[in-house]
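> Need coordinates for the below:
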Amino acid sequence: MDTKIGPVDTCKAICSDVGCLPQNGGVCAIQNTAPVPLINCAESTLGRHLARRLVEIGANDVFSVPGDFNLTLLDHLIAEPELNLVGCCNELNAGYAADGYARSRGVGACVVTFTVGGLSVLNAIAGAYSENLPVICIVGGPNSNDYGTNRILHHTIGLPDFSQELRCFQTVTCFQAVVNNLEDAHELIDTAISTALKESKPVYISISCNLPGIPHPTFSREPVKFSLSPRLTNQMGLEAAVEAAAEFLNKAVKPVMVAGPKLRVAKAGDAFVELAEACGYAMAVMPSAKGLVPEHYPRFIGTYWGAISTAFCAEIVESADAYLFAGPIFNDYSSVGYSLLLKKEKAIIVQPDRVVIANGPAYGCILMRDFLKALAKRLKCNTTAYENYHRIYVPEGCPPKCQPNEPLRVNVLFQYIQRMLSGDTAVIAETGDSWFNCQKLKLPKGCGYEFQMQYGSIGWSVGATLGYAQAAKDKRVIACIGDGSFQVTAQEISTMLRCGQRTIIFLINNGGYTIEVEIHDGPYNVIKNWNYTGLVDAIHNGEGKCWTTKVCTEEDLVEAIETATGAKKDCLCIIEVIVHKDDTSKELLEWGSRVSAANSRPPNPQ
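Numbering: from 1, shown residues only. Prediction:
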C-alpha cells in the first residue's frame with residue numbers, strides 16, 4: 001500500500017461505528033472539510049495516533065506499569081507533548097487511578113503489559129464497568145508474528161493460546177480490539193475509543209509489541225476529530241411517557257423524588273435539578289448518588305438508605321404516595337439487605353433510556369434528561385412532602401466534646417472534616433465505615449464526592465485518589481481510608497509524591513476490617529498493625545513534599561488539621577487517626593446486621 005489516505009478514507013475508519021453529525025442533507029460532514037494536514041513520518045505511527053486520540057478525548061494523564069510487551073508503545077506515548085505518563089506501582093492501582101480520573105475528567109486510560117499485567121488490572125476494570133466509567137485499558141500484546149503459531153510465550157500460563165486475557169476482558173468491557181496488523185489498526189483503535197465514550201463503559205485494546213513505532217500511511221495525517229452521533233429520544237414515546245407520568249404524579253398528595261447513581265451515565269444531573277425546581281417535591285439521593293446533585297438545594301432532605309437514611313428522610317420517602325426514582329440501583333447494599341419499604345405501584349423508575357410507571361406501561365428509547373426536562377413543564381407544584389419533612393425535622397445534635405486527653409472518637413473526627421469542606425475540596429470515601437460517616441457530610445456547593453458502592457472493592461480509594469487528584473488539580477482531595485483498606489494498595493502513596501499531589505488522607509486506624517466485623521466477625525478480620533506514618537516517611541525518603549502525623553486525641557486532631565491546611569497546604573498530608581476498634585457509626589451497625597441476615601438466608605425448599 002503506497003497511497004496516502006485522504007480525509008474521506010480516514011472518515012470511513014470511524015464513521016461506520018461512530019457516525020457523523022448530519023450536515024449537508026445527511027452527507028458526511030468530514031468529506032466536505034479542507035484536507036487534513038500531513039504529519040511527518042516519525043509521527044505517523046500507531047503509537048502516536050493512539051496518543052493523539054487520548055489527548056483529544058481528555059485523557060491527558062495515562063496511568064501505566066511497564067513490561068516488555070508495552071515498552072515501545074510507552075516510548076511513543078511519552079513523545080506526545082500533551083500527554084503525561086504516570087508510572088504506578090502495580091497494575092491494579094493503575095486501573096483504580098484511571099477509574100478515579102474518569103470520575104473527574106469523564107474518561108480515563110491505563111497501559112499495562114500482556115496477561116500478567118492485564119489480569120492484574122482486571123479487577124479495577126470490572127469496578128469501572130459496574131460504575132459506568134469509560135476507561136481505555138491498553139495492553140501491550142505479543143509480537144504480531146506469534147499469532148497463529150504454536151509458540152508458548154512468557155507471561156502466559158504456558159499454553160500456546162493468546163486468547164486467555166481477551167476472554168477475561170470480554171465480560172467486563174463493552175468492546176475489545178486486538179491490534180496485530182497495521183491495516184485495520186486505525187479503525188480498531190478509533191472504534192474502541194468511540195464505543196467507550198458512547199457506552200460509558202471500559203474497553204480493551206491489545207497492541208502487538210512490534211507495531212507502535214512503524215510508520216504507516218493511515219497515520220500520515222492528523223486524525224479526523226471524533227464526531228459522535230448523539231443518542232436520540234423517540235418523540236412519540238417521550239410524549240406518551242410524560243403524559244402518563246404527569247397524570248400519575250399530579251394526582252398524588254405528597255410525591256417525592258430520589259436521585260440514583262445512573263444520573264452520571266445519563267448526564268441528567270442538571271435536568272433532575274430543573275425538575276425539582278419546577279415541581280417543588282422533597283428531593284433525596286440514594287447513597288451511591290451522593291455528590292451527583294447539589295445538597296445546598298432548598299428542599300434537599302438527605303440520603304434515602306432505608307433503615308439507615310439521614311434522619312427523617314426515610315419517613316418522608318416511604319410514606320409518600322408517589323416517588324420518582326431517577327437512575328436507581330437497588331442492590332443488597334443500597335437496599336440494606338432488601339429491607340426498603342417501597343411499593344412498586346407507587347414508583348416511577350427512570351433509567352438512562354427507559355421509563356417504567358408503577359405497575360403500568362414501560363417506555364423505551366427515551367433519554368432520561370429529555371424525559372425529566374419535558375416532565376418539568378407538565379407537573380403542578382407540590383411542596384407537601386417537604387412541608388411534612390420541615391414539621392418533623394429536628395436538627396442534629398453535636399457529639400459531646402472530648403475531655404482533655406480523652407481518646408478521639410470517630411464522630412468527633414468527622415465533625416472536624418465537615419468544617420474543612422468547601423467548593424475547592426473533594427471527598428473520596430473508601431469501602432468500610434467511611435461509607436457511612438462520609439455519607440453524613442453535608443457537601444457545600446462545588447464540593448466533589450466519590451465512592452465505589454456497587455463494586456465495593458476494598459483498597460479502591462488509594463488509586464482512585466491518585467487519579468482523581470491528577471485530573472482535578474483545582475481541588476484538594478480529602479480521602480477517608482481505613483487501615484485494612486490502606487494495606488491493600490498503600491504503594492501508590494509513592495506515585496502521589498512523584499506527581500506533587502497535595503491530598504489530605506485521614507488514615508483511620510481501628511485495627512481491622514470493621515465493615516466485615518459488623519457483617520460476620522471472626523479472627524480473619526484482625527490485621528497486623530503497621531507504623532503507618534513510619535511507612536509513609538520511608539516511602540517519602542526525602543523526595544517530594546510530604547507530611548505525616550499520628551493523632552490520638554481531639555487536641556492532636558485540631559493541631560494536625562491546622563498544619564495540613566496551613567503550613568503544609570502544598571504537601572501530601574497523611575494523618576493517622578487512632579480510634580477504638582469498636583468505634584463505629586450506628587448506621588454501620590444497623591446495615592451490617594441487615595446485610596448479614598440477607599446473606600445467611602437458608603436455601604429455599606426444593
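
> just for the protein, where's the confidence low?
1-37, 517-518 (pLDDT under 70).

> before we move on, which element is Ala196 in?
helix 185-199 (DSSP states H and E).

> which outside residues touch that helix?
Identification of contacts with helix 185-199 by C-beta atoms under 8 Å, 6 or more residues apart in numbering yields 10, 13-14, 16-18, 46, 49-50, 53-54, 57, 107, 134-136, 174-179, 202-205, 207, 211, 216, 218-219, 223, 226, 228, 231. C-betas here are computed from N, CA, C, even on glycine.

> Assign a three-state SS to the spatially most central residue of the chain, would you?
The chain has Arg103 as the residue nearest its centroid, 4.5 Å off, counting by C-alpha atoms, centre = their mean. When classified by DSSP: H, G, I helix; E, B strand; the rest coil, Arg103 comes out as helix.

> Excluding covalently adjacent residues, which one is nearest to it?
In this structure, Arg103 finds its nearest non-sequential neighbour in Glu450, 5.1 Å apart by C-beta to C-beta, 6 or more residues apart in numbering.

> domain ranges for the protein?
7-219, 235-392, 410-589 (automatic domain parsing).

> In CSV, list those along with distance to Cys398.
Formatted as CSV, the domains of the chain follow (distance: least, C-beta to C-beta, whole Å):
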stretch, distance to Cys398
domain 7-219, 32
domain 235-392, 14
domain 410-589, 7
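
> where does the closest residue in space to Asn132 that isn't next to it in sequence land in three-state SS?
In space, Asn132 comes closest to Val265 once its chain neighbours are excluded; the distance is 3.9 Å by C-beta to C-beta, 6+ apart. Look at Val265: counting by three-state DSSP, its state is helix.

> Is Val265 in contact with Arg231, as I believe?
No - contact status for Val265 versus Arg231: not in contact, 11.5 Å apart, counting by C-beta atoms under 8 Å.

> If you count surrounding residues, which of those two has more?
Val265 (18 against 11; other C-beta atoms under 10 Å).

> need the contact list for that one.
Counted by C-beta under 8 Å, 6+ apart, Val265 has contacts 132, 200, 327, 352.

> State the number of residues packed around the third one.
Taking other C-beta under 10 Å as the neighbour definition, Gly327 ends up with a count of 26.

> could you measure it against Phe69, distance?
Going from Gly327 to Phe69 by C-beta to C-beta, to the nearest Å gives 39 Å.

> Identify the residue spatially nearest to Gln437, adjacent ones excluded.
You called it Gln, but residue 437 is Asn. Here the residue nearest Asn437, using C-beta to C-beta, 6+ apart, is Phe414, at 4.9 Å.

> List the buried residues in the helix or strand containing that neighbour.
Element membership of Phe414, judged by DSSP H and E, is helix 410-420. By neighbour count on 16 or more other C-beta atoms under 10 Å, the buried set for helix 410-420 is 410, 412-415, 417, 420.

> now these in JSON lines, with distance to Leu535?
Output for these, formatted as JSON lines (distance: C-beta to C-beta, whole Å):
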{"residue": "Val410", "distance to Leu535": "22"}
{"residue": "Val412", "distance to Leu535": "25"}
{"residue": "Leu413", "distance to Leu535": "21"}
{"residue": "Phe414", "distance to Leu535": "24"}
{"residue": "Gln415", "distance to Leu535": "28"}
{"residue": "Ile417", "distance to Leu535": "23"}
{"residue": "Met420", "distance to Leu535": "24"}
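
> any idea which of those is closest to Val317?
In terms of C-beta to C-beta, no member of those lies closer to Val317 than Phe414, at 24.0 Å.

> close enough to count as contact, that closest one and Lys440?
Yes - using C-beta under 8 Å, Phe414 is in contact with Lys440, at 6.9 Å.

> where do the strands sit along the stretch 51-200 of the chain?
Ranges of strands within the stretch 51-200 of the chain are 61-64, 84-87, 108-113, 135-141, 176-179, based on DSSP state E, counting those that start in this stretch.

> Partner strands of the third one, with direction?
Strand partners for strand 108-113, identified by DSSP bridges, are recorded as strand 61-64 (parallel), strand 135-141 (parallel).

> Including distance to Leu341 and mean neighbour count, could these go into TSV?
Shown next, in TSV, are those (distance: least, C-beta to C-beta, whole Å; neighbours: other C-beta atoms under 10 Å):
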stretch	distance to Leu341	mean neighbour count
strand 61-64	43	27
strand 135-141	36	28
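
> Indicate which one of those is closest to Ala426.
strand 61-64 (16.3 Å).

> Would you mind writing the CA trace of that closest one as PDB?
Only the C-alpha atoms of strand 61-64 are listed here, as PDB (Å, rounded to 0.1, in the frame of the first residue of the first chain):
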ATOM      1  CA  ASP A  61      -2.700  11.600  32.000                       C
ATOM      2  CA  VAL A  62      -2.300   7.900  31.400                       C
ATOM      3  CA  PHE A  63      -1.500   5.500  34.200                       C
ATOM      4  CA  SER A  64       0.900   2.800  33.400                       C
END
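
> roughly how far is that strand from the heart of the chain?
In terms of C-alpha atoms, centre = their mean, to the nearest Å, the gap separating the centre of strand 61-64 from the centre of its chain is 16 Å.

> Show me the contact partners of that strand.
With contact meaning C-beta under 8 Å, 6+ apart, strand 61-64 is reached by 54, 70, 74, 77, 83-88, 93-95, 97-98, 101, 108-112, 466-467, 470-471.

> hmm, try it at 7 Å
54, 74, 77, 83-88, 94, 97-98, 101, 109-111, 467, 470-471 (C-beta atoms under 7 Å, 6 or more residues apart in numbering).

> One more: stretch 545-555?
So stretch 545-555 is contacted by 402, 405-408, 412, 497, 500, 533, 536-537, 540, 557, 560, 568, 570-578 (C-beta under 7 Å, 6+ apart).

> got it, and stretch 488-497?
By C-beta under 7 Å, 6+ apart, the list of residues contacting stretch 488-497 reads 86-90, 93, 96, 458-459, 462-463, 466, 503, 535-536, 539-540, 543-544, 546, 572.

> From those residues, keep the buried residues only.
Here, 16+ other C-beta under 10 Å leaves 86, 88-90, 93, 96, 458-459, 462-463, 466, 503, 535-536, 539-540, 544, 546, 572 buried among the contacts of stretch 488-497.

> about what we covered before: for Asn599, find the nearest of the domains of the chain.
Per C-beta to C-beta, nearest to Asn599 of the domains of the chain: domain 410-589, 7.0 Å.

> From the chain's centroid, how far away is that closest one?
Put simply, domain 410-589 sits 18 Å off its chain's centre (C-alpha atoms, centre = their mean).
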